[in-house]
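K.L.:
build me a model:
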Amino acid sequence: MTSITEEHDPGDDELLCQQLGLPARGVSLVKMEGRVFLRIAGEVRAEGLAVPYQLVPAQGVLAKPSKWRKMDDEARSALLRERASDKAIHELHEHVTAFVHEMAAAAEDYDLDAMSFLHTLADMQTSLMAAEVFDRIRQRLDHAIERQTEERYAERTKQSINLAEYPDSFEVARRLPRRFIALLGPTNSGKTHRAIEALSKAPSGIYLAPLRLLALENYERLQAFKQHGKPLAVSLVTGEERRLAEGATHVASTVEMLDTRTPVDVAVIDEIQMLADRDRGAAWTAAVCGAPARTVYLVGAPEARRAIEALAERLECPLEVHVLKRKAPLSMEHTSVRKVRNLRKGDAVIAFSRREVLMWRDMVTEAGLSVATVYGNLSPEVRRAQAQRFREGQADVVVGTDAIAMGLNMPISRIVMTTSVKYNGYEEEEISAALARQIAGRAGRYGIHEEGLVAGFDDDTHQVMRALLKEKLAPLNTSGFSVAPTLEHLHRIASVTSETSLAKLLKRFVHNIDVPDGFFYPRITEDQSTRAEWLDTLPLSVADKFTLSLVPVSSKVMSLQRAWEHWAMSLSRGKATRLKTDDYALSYLSLQEVEDTCRLYSAYAWLGYRLPEFFPDIELAQELSRHASERVDSILQEQNAVNRKRNPKRFR
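P.N.:
Residues are numbered from 1 along each chain as shown. Next comes the predicted model:
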């Protein structure tokens, strides 16, 4: 900073200022940042504060230096008299006084020191106008208030939810004298069979599955059992479907649909190693803590043992552990398969994307083998129908993704891996030893094959699979069990913070609740977080936004994302969303489009069970979903037939 008098003849501006009496009135002439301006100094005494200031008034900027130099003394003098008048000085003092009152009152409301903000009124290192300085100080105070409010709300949130007390939120389970029985073993060890047998003999019970398909399979298995000479009365409850039997004593359900309020004698929690799943692990944590059964069977992989032991100890439940061995041996083939013509009846060919599965399906059918096709985008009904063809010998080979590793019992004699690399959502990476073992374990169904065989299609994949199957599996962590937010959690946070933004409530749940020892840990999915931000733009209640954030529909498929957005906007306007029967349209859609249509109807049914007033066509959605599934199955069969006509020879 330099004064004008330093750049000009000492007899010019400095003398002029003295002649006009500016220094005596607290006015100085300054050149800074390419401007010539007046700065007025003074002091405000208000609210018990003495606040000095040196500020540029509203009309304080006089000219650019180049223009100032060209002005004669008379023009400069006239401009200085006008801009440094008593009225201008008085007006600035009044503005500063009002601002000091404003800041002092705001700071007092939040128990902040006003002078820690007001001291910058005397900062001579700026050429900002007084109004701009006021705005900057207001912003600093606002940020300080936000930080203080955030800290206060964070503390209130911490006091409102203590995750160490998470098991106590399941009142029925906590009152029951529960015991755990862990049945742990590899695929084909008979663990699920033992658990279902025990469940079928209990007076009442529930089976909890990771997939709708598994829930459906075991729903039908339980229906085949009898008690007192009568078939078991069994209900099926999934997010998208309800089959409620009158007087039902048993329920087959997806794990997220656990009824924690109705006590039963036996609960079976399948695939217990899913405790470690990043996105869905919280459902297994809730099931272990909240299953309202006197005896709880925990069924899954051996690497879950330490995690189960830690949970049982924390919940103060006695635990029995039974480690089962595989009933039929599992072996690597001596060499890789190498050629499509070397595939044989009973093989399962594994790829890791829909596109790759369909490509391999085409190659296998063109080689003359009939094929069943299984991948994640297919509805449970289609996957089941395809698996049934393989079981009944109508298909020689099943080509699928790792979807066959869970929930499909098929007489596979050999697993053939086309690759050992899978896209994880971010990048391609080698599959884990746990996944390799789970897929491989589907070979050699007990009672059908003497042993199960595993091979890579190419030499590299063969060697990787050999190494993965020899690798010792790491045990699950014994702490950090995922807990997802419930609507009750969010309402509790909202009650102490007055927050209505779903995105902010979810963030407070993740970052602010009390996690004393980290045994239980808060977690939300990335999809839910992203959806919450969009939903906050709509006039919806926290409850409705929370429900919509959980709809099981992929945001990566544009047609499904648009449908979800339409549903949300209709709900925000209080309008019901109705479905139309459009069976004829299915015949004009591609396989991918019909698959997505099937998923859309399932998602609508899911919403219908939760918000029936606004999504009333549940039965129609289920009917349309069935029709779409049948169309998908038909398309797959038609494509297989076309490919096989190119080469009708069948290799047996």
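
K.L.:
longest single strand anywhere in the protein?
P.N.:
Ranked by residue count, the top strand of the chain under DSSP state E comes out as strand 35-46.

K.L.:
what is that strand packed up against?
P.N.:
With contacts defined as 3 or more CB pairs under 8 Å, 6 or more residues apart in numbering; DSSP states H and E, the packing partners of strand 35-46 are strand 27-32, strand 49-55, strand 61-63, helix 65-70, helix 86-109. C-betas here are computed from N, CA, C, even on glycine.

K.L.:
buried stuff in it?
P.N.:
Buried residues in strand 35-46, counted by 16 or more other CB atoms under 10 Å: 35-42, 44.

K.L.:
try stretch 56-63
P.N.:
Using 16+ other CB under 10 Å as the burial criterion, the residues of stretch 56-63 that qualify are 56-57, 59-60, 62-63.

K.L.:
what's the most distant pair in those residues?
P.N.:
Pairwise distances across these peak at 15.3 Å for P57 and A63 (criterion: CB to CB).

K.L.:
about what we covered before: can you list contacts of the longest strand of the chain?
P.N.:
Residues outside strand 35-46 that contact it (CB atoms under 8 Å, 6 or more residues apart in numbering) are 4, 26-30, 50-57, 60-65, 68, 80, 83-84, 88-89, 92-93, 96-97, 100-101, 104, 122, 124, 127.

K.L.:
neighbouring strands for that strand, and are they parallel or not?
P.N.:
Strand pairing for strand 35-46, using DSSP bridges, gives strand 27-32 (antiparallel), strand 49-55 (antiparallel), strand 61-63 (antiparallel).

K.L.:
the second one: which residues count as buried?
P.N.:
If I follow you right, that is strand 49-55. 51, 53-55.

K.L.:
one more: the first one?
P.N.:
For strand 27-32, the buried set under the neighbour-count rule, 16+ other CB under 10 Å, comprises 27-32.

K.L.:
so can I have TSV of those residues showing distance to R136 and pLDDT?
P.N.:
Below are the buried residues of strand 27-32 laid out as TSV (distance: CB to CB, whole Å; pLDDT from 0 to 100):
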residue	distance to R136	pLDDT
V27	23	94
S28	21	92
L29	24	92
V30	19	90
K31	22	89
M32	17	87
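
K.L.:
tell me the contacts of S479?
P.N.:
S479 makes contact with 310, 517-519, 521, according to CB under 8 Å, 6+ apart.

K.L.:
just put the helices and strands packed on strand 35-46 in CSV and tack on distance to A563.
P.N.:
Shown next, in CSV, are the helices and strands packed on strand 35-46 (distance: least, CB to CB, whole Å):
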stretch, distance to A563
strand 27-32, 59
strand 49-55, 58
strand 61-63, 57
helix 65-70, 64
helix 86-109, 47
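
K.L.:
for those, which one sits closest to L540?
P.N.:
Distance to L540, taken as CB to CB, is lowest for helix 86-109 among these, at 31.7 Å.

K.L.:
residues contacting the closest one, please?
P.N.:
With CB under 8 Å, 6+ apart as the test, helix 86-109 has contacts from 25-27, 40, 42, 44, 46-47, 49, 51, 53, 55, 57-59, 113-114, 117-118, 121, 130, 134, 137-138, 141, 145.

K.L.:
just the helices in the stretch 301-450 of the chain please.
P.N.:
Using DSSP state H, counting those that start in this stretch, the helices found in the stretch 301-450 of the chain span residues 305-315, 354-366, 380-391, 433-440.

K.L.:
surely P329 is in contact with H449?
P.N.:
No. Using CB atoms under 8 Å, P329 is not in contact with H449; the gap is 10.0 Å.

K.L.:
between these two, which has more neighbouring residues?
P.N.:
H449 (18 against 12; other CB atoms under 10 Å).

K.L.:
contacting residues around the nearest residue to that one once chain neighbours are set aside?
P.N.:
Once flanking residues are discounted, H449 sits nearest to S413: 5.0 Å by CB to CB, 6 or more residues apart in numbering. Each residue near S413 by CB under 8 Å, 6+ apart is listed here: 346-347, 443-444, 449, 452-453.

K.L.:
hmm, try it at 10 Å
P.N.:
By CB atoms under 10 Å, 6 or more residues apart in numbering, S413 lies in contact with 344-348, 443-445, 448-453.

K.L.:
any of these buried? List them.
P.N.:
345-348, 443-445, 449, 452-453.

K.L.:
the residues you listed in strands, which ones?
P.N.:
Residues of these located in strands (DSSP E): 347-348, 452-453.

K.L.:
P411 against R391, yeah?
P.N.:
Yes. Using CB atoms under 10 Å, P411 makes contact with R391 at a distance of 6.1 Å.

K.L.:
what sits in contact with each of those two?
P.N.:
Taking CB under 10 Å, 6+ apart as the criterion, P411 and R391 both touch 398, 445, 448.

K.L.:
ok, those residues vs H491, which is closest?
P.N.:
V398 (47.0 Å).

K.L.:
kindly provide the distance from that closest one to I412.
P.N.:
V398 sits 7 Å away from I412, taking CB to CB, to the nearest Å as the criterion.

K.L.:
R138 too?
P.N.:
70 Å.

K.L.:
same drill for these two, tell me which one is more crowded.
P.N.:
I412 (25 against 15).

K.L.:
do you know how far L548 is from M569?
P.N.:
Computed with CB to CB, the distance linking L548 and M569 is 10 Å.

K.L.:
same question, A24
P.N.:
According to CB to CB, A24 and M569 sit 67 Å apart.

K.L.:
compare neighbour counts for these two and give me the winner.
P.N.:
The residue with more neighbours, out of A24 and M569, is M569; 14 against 9, by other CB under 10 Å.

K.L.:
got the CA positions of stretch 24-38 in PDB?
P.N.:
Extracted in PDB, the C-alpha atoms of stretch 24-38 (Å, rounded to 0.1, in the frame of the first residue of the first chain):
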ATOM      1  CA  ALA A  24      -8.100  16.000  11.300                       C
ATOM      2  CA  ARG A  25     -11.400  14.500  10.400                       C
ATOM      3  CA  GLY A  26     -10.100  11.000  10.100                       C
ATOM      4  CA  VAL A  27      -9.900  10.900   6.300                       C
ATOM      5  CA  SER A  28      -6.900   9.600   4.400                       C
ATOM      6  CA  LEU A  29      -6.200   9.400   0.700                       C
ATOM      7  CA  VAL A  30      -4.900   6.000  -0.400                       C
ATOM      8  CA  LYS A  31      -3.800   4.300  -3.600                       C
ATOM      9  CA  MET A  32      -4.100   0.500  -3.700                       C
ATOM     10  CA  GLU A  33      -5.000  -2.300  -6.100                       C
ATOM     11  CA  GLY A  34      -5.300   0.100  -9.100                       C
ATOM     12  CA  ARG A  35      -7.700   2.600  -7.300                       C
ATOM     13  CA  VAL A  36      -7.500   6.000  -5.600                       C
ATOM     14  CA  PHE A  37      -9.900   6.100  -2.700                       C
ATOM     15  CA  LEU A  38     -10.800   7.700   0.600                       C
END
